[in-house]
Each structure stands twice: as C-alpha cells, then as structure tokens.
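Asker: Here's my sequence, what's the structure:
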Amino acid sequence: MATKEQWYQVRMDPKLDEDMGKLAERLGKHRAEVFHRAMRLYIAVKNRQLDQEGRDPESPLRVFLEDAHSKTEVTGL
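Answerer: Next up, the predicted model:
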C-alpha cells in the first residue's frame with residue numbers, strides 16, 4: 001500500500017526571525033540550535049493536531065523551515 005506524503009513549510013516573518021536571533025543571543029546558544037528546538041516543539045504540536053484529525057500514521061510528515069537566511073528540511077526528530 002502506497003502512503004501519501006504530507007509536508008508543511010514554515011516561513012518565518014522578519015520579526016519572528018529577529019526575535020529568534022535575539023533569543024539565541026540571550027541564551028548564549030547558536031542560532032541553529034534555537035531554531036531546531038522551536039521546530040521540535042512545532043512538529044510535536046502539529047503531529048498531535050494531525051493525529052486528532054485522523055492522519056494515516058504510515059504517512060511520512062516532512063517539515064521545512066524557511067527563515068531570512070535559508071530553507072531547510074527538518075529531519076531526524
């Protein structure tokens with residue numbers, strides 16, 4: 001049985017991008033680590049929402065993060 005792939009793209013507005021950069025600086029963390037943790041939280045919430053909507057558990061979920069600097073697929077979460 002073939003599965004239907006689902007993917008989501010998250011675009012950060014410039015203000016959120018700036019706020020995440022400030023948060024990284026305040027925490028003394030690398031910017032990428034702060035974005036990675038934020039995406040882990042986002043994915044956990046999105047998975048819970050999709051599960052409540054009856055998502056096929058066999059369907060892979062792909063999430064992309066796009067900020068002012070790049071577009072990256074978030075994997076291995």
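Asker: helices or strands up against the lengthiest helix in the chain?
Answerer: Criterion DSSP state H: the longest helix present in the chain is helix 31-52. Contact analysis of helix 31-52 by 3 or more Cβ pairs under 8 Å, 6 or more residues apart in numbering; DSSP states H and E lists strand 6-11, helix 14-27, strand 61-66, strand 71-74 as its packing neighbours. Where you see a C-beta, it was placed from the backbone N, CA and C, and this is true even at glycine.
Asker: Reformat those as a markdown table; add mean pLDDT.
Answerer: Shown next, in a markdown table, are those (pLDDT from 0 to 100):
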| stretch | mean pLDDT |
| --- | --- |
| strand 6-11 | 64 |
| helix 14-27 | 85 |
| strand 61-66 | 70 |
| strand 71-74 | 70 |
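Asker: Distance to residue 39 added to these, as CSV?
Answerer: Below are those laid out as CSV (distance: least, Cβ to Cβ, whole Å):
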stretch, distance to residue 39
strand 6-11, 7
helix 14-27, 11
strand 61-66, 6
strand 71-74, 5
